[in-house]
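Q: the following block contains a protein sequence and its predicted model.
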Amino acid sequence: MIYLYDKEGYKFSAVGSGDDPNYISFNSANEDGSLSIKANIFSLSTAGLTIGAAVPETADYLTDGIWMGYHLGGMIYTPMTSNILPAGQRAYDENGSSTAYYVFDNSLDTYKEYVVGEWVALELPRKKTAVKYRIYSSSINFPTAWNVQGSVDGIEWATLNTQSSVTPITGWSSYYTISLPKAYKYYRFNVTAVGGTTGTSARLYSIDFSDESSYNYFSIGSSSTGNNFMWNGDALFIKGDLYVGAGENGIYFEDSKIFLGDNIIESSTNAHYIRYVANLPVNDYPNIIIHSLGFTVDSDTAPTVFTAERTFQNRFYSYSDPAYIKESLGHYAYTTSYDFYSSSSIEASGYLTVGLYQSSDANSIAILTDMPAKFMIPEWYGTDTSAIAKYPSISSWTDPENCPISNIWTWKKSSGTPYRVLYIRLPDGSIWWVDMNLPA
């Protein structure tokens, strides 16, 4: 039915039939000239924009464009036709049954039976939040006690709800509420007691895990690839490549006071990094780099040399003179460099490089360092500490003690001359010795 109002209001209305009809109404008498629409779905087809009060669970049902609306809530999974269909979902149980999906096929003609201690589980294509659930069972074989668990990885499980001493019925139970709902990728139903007329097992026709109503926003880039952007009021889901800009743009983790920046704060020619930044209002530098991960090349247009790099940095005490540990991995060498602290009197920096001594010889190793290092020379006694004859001698020393933990070590004898000896094992395996005397 269509209504045209008087000239003072210039109001136009189109109203459907029924007790609660949909309508469209325009009132030019209002200052904003408001347009009111009541409809389950409102579509601007040429603009690719849909506004409505319900939406299919998966983006595959939507056409290309933008969808905004109110999700009415319902099952968090699509009814299954096998243990692995629809794609992305998986049903499995304690027994490795090929028909575990019967519990999730939304059919009251199929069922599975489980004894005490057995379970059936559902894997979703992405994490979803179930706020309630119900079961369809039989009073012949009924689960009188159980618990429902959730997991993000299918390994570590959190108990979401526990029931005991439940009266057997045939049909749908009432909904059980999950007190602390979170987003999980896996949900599991564990049978802990059975009852009913026979009472030998728990007969499960269906388990309905459901979410709550929420406001949703979809942007469907391509119905053929399924690429989409979705916000459901609880989490953001993106299927497709994600690009984050440079400069002041970043990804912020507010509770951790950390954000990811793309080459933020500092830059270098032909250097490309992702920065992990501490977002603290201190020292006039609110963005303190704590970790960088990236690479350098000799040319952005025609690179011939590539080096993967990462650094741990502490710029809190001096932004321009940070303490850092840097790792660089090239084609032939791995280098760790550091700079802990520097001043007019102290310079504690250096590097350690391990790599091929000759590029043509894969068995050659070169170790280069300028790091000041101190280490203890072990004193090795071996098994013949008191053997008088086993001291270095050009004529009689044929069985020296061999230290397994160092190429340089000392040996202190209980008697004989020399009393102390410094041993050095050379690359060819031979061992040299130096006579050592006690200081005067």
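A: Arrived safely, thanks for sending.
Q: low-confidence ranges in the stretch 251-400 of the chain?
A: 262-269, 281-287, 341-347, 357-364, 371-373, 380-400 (pLDDT under 70).
Q: can you give me the strands for it?
A: Using DSSP state E, counting those that start in this stretch, the strands found in the stretch 251-400 of the chain span residues 258-262, 271-279, 287-297, 306-314, 323-329, 333-342, 347-358, 361-369.
Q: turn the ones you listed into TSV, including mean neighbour count and distance to residue 34.
A: For glycine as for every other residue, the C-beta is placed from the backbone atoms N, C-alpha and C. Converted to TSV, these look like this (neighbours: other Cβ atoms under 10 Å; distance: least, Cβ to Cβ, whole Å):
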stretch	mean neighbour count	distance to residue 34
strand 258-262	18	41
strand 271-279	19	42
strand 287-297	18	45
strand 306-314	16	56
strand 323-329	16	60
strand 333-342	15	65
strand 347-358	14	69
strand 361-369	10	76
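Q: make CSV out of those and add distance to residue 410.
A: As requested, those are exported to CSV (distance: least, Cβ to Cβ, whole Å):
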stretch, distance to residue 410
strand 258-262, 50
strand 271-279, 46
strand 287-297, 43
strand 306-314, 37
strand 323-329, 33
strand 333-342, 30
strand 347-358, 26
strand 361-369, 23
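Q: nearest to residue 24, out of these?
A: The stretch from these with the least distance to residue 24 (Cβ to Cβ) is strand 258-262; that distance is 45.3 Å.
Q: partners of the closest one, with directions?
A: strand 250-253 (antiparallel), strand 271-279 (antiparallel) (DSSP bridges).
Q: what's the angle between the last one and strand 306-314?
A: Read that as strand 271-279. With axes from the mean of the first three to the mean of the last three Cα atoms, to 10 degrees applied, the angle from strand 271-279 to strand 306-314 works out at 20 degrees.
Q: now strand 271-279 - C-alpha only, PDB.
A: Only the C-alpha atoms of strand 271-279 are listed here, as PDB (Å, rounded to 0.1, in the frame of the first residue of the first chain):
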ATOM      1  CA  ALA A 271      67.500  -1.800   4.400                       C
ATOM      2  CA  HIS A 272      64.100  -3.200   5.000                       C
ATOM      3  CA  TYR A 273      62.800  -4.000   8.500                       C
ATOM      4  CA  ILE A 274      59.700  -4.700  10.500                       C
ATOM      5  CA  ARG A 275      60.200  -3.000  13.900                       C
ATOM      6  CA  TYR A 276      58.800  -4.100  17.200                       C
ATOM      7  CA  VAL A 277      58.400  -0.900  19.200                       C
ATOM      8  CA  ALA A 278      57.800  -0.100  22.800                       C
ATOM      9  CA  ASN A 279      55.200   2.600  23.000                       C
END
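Q: and the angle from that strand to strand 287-297?
A: Going by the same axes, to 10 degrees, strand 271-279 makes 170 degrees with strand 287-297.
Q: give me phi/psi at residue 104?
A: Residue 104 adopts backbone torsions of phi -120, psi 20, taken as degrees, to the nearest 10.
Q: would you mind confirming that it makes contact with residue 208?
A: No: Residue 104 is not in contact with residue 208 according to Cβ atoms under 8 Å; the separation is 9.2 Å.
Q: the two: which has the busier surroundings?
A: A side-by-side neighbour count of residue 104 and residue 208, using other Cβ atoms under 10 Å, places residue 104 first with 27 against 19.
Q: quick one: which of the strands of the stretch 251-400 of the chain is nearest residue 91?
A: Closest among these, once you apply Cβ to Cβ, is strand 258-262, at 36.8 Å.
Q: C-alpha coordinates for the closest one, CSV please?
A: Coordinates of each C-alpha in strand 258-262 appear next as CSV, following Å, rounded to 0.1, in the frame of the first residue of the first chain:
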residue,chain,number,x,y,z
ILE,A,258,54.0,-2.7,21.7
PHE,A,259,53.3,-2.0,18.1
LEU,A,260,54.7,-3.1,14.8
GLY,A,261,56.1,-0.5,12.5
ASP,A,262,57.4,-0.7,8.9
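Q: chain neighbours aside, what residue packs nearest to residue 317?
A: In space, and not counting its chain neighbours, residue 317 is closest to residue 323: 7.7 Å by Cβ to Cβ, 6 or more residues apart in numbering.
Q: now the strands paired with strand 258-262 as a markdown table including distance to residue 111?
A: Converted to a markdown table, the strands paired with strand 258-262 look like this (distance: least, Cβ to Cβ, whole Å):
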| stretch | distance to residue 111 |
| --- | --- |
| strand 250-253 | 45 |
| strand 271-279 | 51 |
